[in-house]
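Participant: Next comes the sequence, and after it the predicted model I'd like to discuss.
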Amino acid sequence: MKILAFAGSNSSTSINQQLLDHVVGRIQGHEIKEVKLTEYPLPIFSIDIEKNEGIPINATIIKNLISDSDALVIAVNEHNGAPSAYFKNIIDWLSRAHRNFLEDKKILLISTSPGKRGAKSSLEYTENIFGRFGGEVVQSFSLPSFKDNFEDGKVTNEVLDMGIEDVLTTFAHQIGN
């Protein structure tokens, strides 16, 4: 299977990017393409921009990357209990480029934060809205207290590490491995 992986953060020091790199490194037997969404800048969504200039080419490129994959691994960051404005903007543009931009995609959602909830609010929000765009979140995982549970590119808490392994095993089964 072809898996596309990306983080919904535009931070150069994103802890969600670090978690994504770790999780993707544990997936075996699939073709994985990891992209950085910051390489595809988009203006803040505006109906006026869409009307006057059309859908930005980078939204179409991201949409095509998603279309060319069988499954997705997405790390969702959180700002004030919701996905970042950056990630929400990408979702807005993608939904305008093609309403069902996640059609028939099986998705693994992951998140982390410095806090004890591990960006769970953002993860739950994203899980709820992805169905509107044709996607199916088949697994999700939230890593709480990033600084206490992740070091040198690895999850240091054994229970949480086993949780990631369980999620990856189920995800692999869901996508056909």
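Facilitator: Yep, that arrived. Numbering: from 1, shown residues only.
Participant: what's the single longest helix in the chain?
Facilitator: Counting residues, the longest helix in the chain under DSSP state H turns out to be helix 158-175.
Participant: What residues of that one count as buried?
Facilitator: 160, 161, 164, 167, 168, 171, 172, 175 (16 or more other Cβ atoms under 10 Å). (Each C-beta comes from the backbone N, C-alpha and C, glycine too.)
Participant: From residue 65, how far out is the residue nearest the centre of the chain?
Facilitator: When the chain is reduced to its mean C-alpha position, the nearest residue by Cα atoms, centre = their mean turns out to be residue 74, at 1.8 Å. Shown here: residue 74 relative to residue 65, a distance of 12 Å by Cβ to Cβ, to the nearest Å.
Participant: quick one: pLDDT of residue 117?
Facilitator: Reading off the per-residue confidence, residue 117 sits at a pLDDT of 90.
Participant: Mind jotting down where the helices sit in the protein?
Facilitator: Under DSSP H, the chain gives helices at 15-25, 47-53, 57-67, 85-97, 120-130, 146-149, 158-175.
Participant: Mind putting the ones you listed into a markdown table with mean pLDDT?
Facilitator: Output for those, formatted as a markdown table (pLDDT from 0 to 100):
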| stretch | mean pLDDT |
| --- | --- |
| helix 15-25 | 97 |
| helix 47-53 | 97 |
| helix 57-67 | 98 |
| helix 85-97 | 97 |
| helix 120-130 | 95 |
| helix 146-149 | 97 |
| helix 158-175 | 96 |
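Participant: Please identify which of the ones you listed is closest to residue 8.
Facilitator: Minimum separation from residue 8 across these (Cβ to Cβ) falls at helix 85-97, 3.2 Å.
Participant: CA-only coordinates of that closest one in PDB, if you can.
Facilitator: Once non-C-alpha atoms are left out, helix 85-97 reads as follows in PDB (Å, rounded to 0.1, in the frame of the first residue of the first chain):
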ATOM      1  CA  ALA A  85      -5.200  27.700  12.100                       C
ATOM      2  CA  TYR A  86      -2.500  26.500   9.700                       C
ATOM      3  CA  PHE A  87      -3.900  23.000   9.400                       C
ATOM      4  CA  LYS A  88      -7.500  24.100   9.400                       C
ATOM      5  CA  ASN A  89      -6.600  26.400   6.400                       C
ATOM      6  CA  ILE A  90      -5.200  23.500   4.500                       C
ATOM      7  CA  ILE A  91      -8.400  21.400   5.200                       C
ATOM      8  CA  ASP A  92     -10.500  24.400   4.000                       C
ATOM      9  CA  TRP A  93      -8.600  24.700   0.700                       C
ATOM     10  CA  LEU A  94      -8.600  20.900   0.100                       C
ATOM     11  CA  SER A  95     -12.400  20.800   0.700                       C
ATOM     12  CA  ARG A  96     -12.800  23.500  -1.900                       C
ATOM     13  CA  ALA A  97     -10.500  21.800  -4.400                       C
END
